[in-house]
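Student: Provided below for reference: sequence and predicted model.
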Amino acid sequence: MPALVPPPALLQNNESPLLLASGSHSRRRMLENAGLVFESLTPGVDEDSIKHQARKAGCNAATTALKLAEAKALAVAGGDAVVIGADQMLSCQDRWYDKPTSLEDARAQLRTLRGQTHCLHTAVVLARHGQVVWRHVEEPRLSMRAFSDTFLTRYLQAEGARCLSSVGAYRLEGPGLLLFWHIEGDSFTIQGLPMLALMAALRQMNVLLD
């Protein structure tokens, strides 16, 4: 059986390999849908320690998200590859939220967020030769409805474990959209990657064709 040959990077400069430092299915899907050819690796980063140190130093959520994205990019940096590192944090009334670890955790989190406006601090960096060469953060704001407990129970039944993959316990591209009455920010950024800013940066670095 012949070996599988990866598709050509028709929209890229093939002399500039691209690497995604993330295990996120959502980020990988967005890059694939944009026609990019890349490899992906899950970086071994102690996120809790980085967040703790950032809090201790008085950093806000946006700066902390950038620190996490930089740590991930540098954890897998090597060779001539341009490495994409990304991370996302959620804050509401100065409280930081992590991904829920169970459906009951998701229920408690969504009860706290309902009727409130929260911010998603979505950071992305590019690294090359072990150095961060570009960084960017966007902060969409999302306002949840004051939904009923009955709706919340049905929502968790419909989503199941899928809602545990998001820091907000929702997928905007799925039934999570029904949690909201108002959203400020583009869907790419909300899903975890500021695609338009990232594509512009990759063009400037001659990774993508102009």
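Tutor: Structure received. Residues are numbered from 1 along each chain as shown.
Student: In the helix ranked longest in the chain, which residues are buried?
Tutor: Counting residues, the longest helix in the chain under DSSP state H turns out to be helix 61-76. Within helix 61-76, the residues scored as buried using 16 or more other C-beta atoms under 10 Å are 61-76. Quick note: C-beta positions are derived from backbone N, CA and C, even for glycine.
Student: farthest-separated two in those?
Tutor: Within the buried residues of helix 61-76, Ala61 and Val76 form the most distant pair, 23.9 Å apart (C-beta to C-beta).
Student: Which residues are in contact with Ile59?
Tutor: That one is not Ile; residue 59 is Cys. Counting by C-beta atoms under 8 Å, 6 or more residues apart in numbering, Cys59 makes contact with Lys67.
Student: pLDDT wise, what is it at?
Tutor: Looking at Cys59, its pLDDT stands at 94.
Student: Checking my notes, it in a strand, right?
Tutor: No - under the criterion used here (DSSP: H, G, I helix; E, B strand; the rest coil), Cys59 is coil, not part of a strand.
Student: if I look at it, how far off is Arg95?
Tutor: Applying C-beta to C-beta, to the nearest Å, the value for Cys59 to Arg95 is 15 Å.
Student: quick revisit: next SSE downstream of the longest helix of the chain?
Tutor: strand 82-92 (DSSP states H and E).
Student: Just give me how far that next one sits from the chain centre.
Tutor: 5 Å (C-alpha atoms, centre = their mean, to the nearest Å).
Student: Could you name the helices and strands sitting against it?
Tutor: Using 3 or more C-beta pairs under 8 Å, 6 or more residues apart in numbering; DSSP states H and E, the elements in contact with strand 82-92 are strand 18-21, helix 61-76, strand 95-97, strand 117-128.
Student: now the angle from the longest one to strand 117-128?
Tutor: Translated: helix 61-76. On the basis of axes from the mean of the first three to the mean of the last three C-alpha atoms, to 10 degrees, helix 61-76 is oriented at 30 degrees to strand 117-128.
Student: Identify the residues contacting Leu20.
Tutor: Taking C-beta under 8 Å, 6+ apart, one finds 27-28, 31, 38-41, 83-84 in contact with Leu20.
Student: nearest to Leu152, of those?
Tutor: For those, the nearest to Leu152 is Arg27 (27.3 Å; C-beta to C-beta).
Student: Quick one: residues contacting Arg162.
Tutor: If you count contacts by C-beta under 8 Å, 6+ apart, Arg162 has them with 171, 174.
Student: can you tell me how far it sits from Arg28?
Tutor: Counting by C-beta to C-beta, the gap from Arg162 to Arg28 is 16 Å.
Student: Show the pLDDT at the nearest residue to Glu47 once chain neighbours are set aside.
Tutor: Sequence neighbours aside, Leu68 is the residue nearest to Glu47 in space, at 6.0 Å (criterion: C-beta to C-beta, 6 or more residues apart in numbering). On pLDDT, Leu68 comes in at 96.
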